[in-house]
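>>> give me a 3D structure for the following:
(one chain, ligands or ions: 1)
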Amino acid sequence: QLKNSPTQKLTNSKTHQLPNSPTHQLINSQTHKLNNSTTHQLKNSPTQKLTNSPTHNPTNSHMDKLKTRILQDGKCYEGGILKVDSFINHQMDPNLMMEVAKEFSQHFGDAHINKIVTIEASGIAPAILVGYIMQLPVVFIKKKEPKTMENMLTSVVHSFTKDRSYTVCISADYLTLNDHVLFIDDFLANGNASMGVIDLCKQAGAHLEGMGFIIEKAFQKGGELLRQHGIRYKALATVESLENCEIKLR
Ligand code: 5GP
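Residues are numbered from 1 along each chain as shown. Here you go, the predicted model:
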């Protein structure tokens, strides 16, 4: 590790933690806040839905909760697009996101990882929670090239939802040959973003240890592509089909 590296700071910060684990504290404090806020809730507000969160229903598998939410609140769009704006992509459910992050942290707990990498914008929320649980720094790949970025590494990625190509970038200051990366994102579709990440890691000499996606659309070729590249990946919910605007999960 370099002096003053983010990993070092995180490691040092552990000594300032209370004896309870950070995950435990966060969940407790969220539940507490959400319960207190009930008087301010609107009818059908997301807070109301949060009351049914896994924290209150320990018998439900966490990822069952994710799957139920996709089936209940997900919306199909032309061209195989699944909209989950009410709990992942626009409004976010922090309790569900924390469960998602815990699942990723457990799944990749055996891997030798020292950095979480994601891509803006929707990957940031789950990634930062994974970083918090695993006590690792989180870096997000940017979709616009800032004029001020030093030692920039770039790759061209085709966006499935926007149907256009754009340049993504990350500073080589935060992705180095010392890094063992877990990449976290919201969706795996055709694997274009993932190929960009593989390319950036290659350029930096970083080791890609695994990739975690909240939702994989199995009817697109991303999963196959990652398997071909020998990448370890985990999707927490798998959409088999969106045909006739019906969400079919595996
Ligand atoms: P890929 O690069 O694997 O082709 O597509 C993954 C990226 O495109 C994700 O970062 C995600 O933001 C976006 N994406 C792909 N498919 C969908 C979808 O069905 N719904 C949403 N909300 N985003 C998607």
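>>> up against the ligand, what does the chain have?
Within the chain, the positions adjacent to the ligand are 81-84, 89, 122, 160-161, 185-194, 217, 222 by C-beta under 6 Å from any ligand atom. For glycine as for every other residue, the C-beta is placed from the backbone atoms N, C-alpha and C.
>>> if we use 8 Å, what do you get?
Contacts of the chain with the ligand, taken as C-beta under 8 Å from any ligand atom, map to 77, 80-85, 88-89, 119, 122-123, 157-161, 185-196, 215, 217, 220, 222, 242.
>>> what about those, which are in strands?
Among those, the members falling in strands (DSSP state E) are 77, 81-83, 119, 157-159, 185-188, 215, 217.
>>> export those to TSV and tack on distance to Ser171 and pLDDT?
Formatted as TSV, those follow (distance: C-beta to C-beta, whole Å; pLDDT from 0 to 100):
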residue	distance to Ser171	pLDDT
Tyr77	34	92
Ile81	31	96
Leu82	32	98
Lys83	32	98
Ile119	14	97
Val157	17	95
His158	23	92
Ser159	22	88
Asp185	19	98
Asp186	23	98
Phe187	25	98
Leu188	25	98
Ile215	29	98
Lys217	31	98
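>>> hang on, the earlier thing: of the residues of the chain next to the ligand, buried ones?
80, 82, 84, 88-89, 119, 122-123, 157, 160, 185-196, 215, 217, 220, 222, 242 (16 or more other C-beta atoms under 10 Å).
>>> distance of the closest residue to Leu177 other than its chain neighbours from Thr176?
Distance criterion C-beta to C-beta, 6 or more residues apart in numbering; nearest residue to Leu177, sequence neighbours excluded, is Gly205 at 3.3 Å. Distance from Gly205 to Thr176, counting by C-beta to C-beta, to the nearest Å: 7 Å.
>>> hmm, back to that, and the residue nearest to Leu177, how many residues sit next to it?
For Gly205, the count of nearby residues is 12 (other C-beta atoms under 10 Å).
>>> for it, give its distance to Val139.
From Gly205 over to Val139 (counting by C-beta to C-beta), the distance is 15 Å.
>>> confirm for me that Glu150 is in contact with Cys169.
No. The pair Glu150 and Cys169 fails to qualify as a contact (C-beta atoms under 8 Å) at a distance of 11.1 Å.
>>> and Leu182, that's in a strand?
Yes. Remark: Leu182 belongs to a strand, assigned using DSSP: H, G, I helix; E, B strand; the rest coil.
>>> count of neighbours near it?
Around Leu182 there are 28 residues (other C-beta under 10 Å).
>>> where does this protein dip in pLDDT?
Along the chain, segments meeting pLDDT under 70 span 1-62.
>>> need the contact list for Val156.
When contacts are counted by C-beta atoms under 8 Å, 6 or more residues apart in numbering, Val156 touches 165-168, 196.
>>> ok, it to the ligand distance?
Val156 is 12 Å from the ligand, where distance means C-beta to the nearest ligand atom, to the nearest Å.
>>> going forward, the N-terminal residue is numbered 813.
All set: I'll call the first residue 813, so the last point we hit is now Val968.
>>> who does that residue bridge with?
Thr979 (DSSP bridges).
>>> now it: how far from Ala933?
From Val968 to Ala933 the distance is 19 Å (C-beta to C-beta).
>>> now do the strands in the protein.
Counting by DSSP E, the strands of the chain are 887-889, 893-895, 927-931, 950-953, 964-971, 976-983, 992-1000, 1019-1029, 1045-1053, 1060-1061.
>>> hey, which of the ones you listed is tucked in deepest?
Sort the strands of the chain by mean neighbour count, taking mean count of other C-beta atoms under 10 Å, and strand 927-931 sits at the top with a mean of 26.
>>> this completes my enquiry, with thanks.
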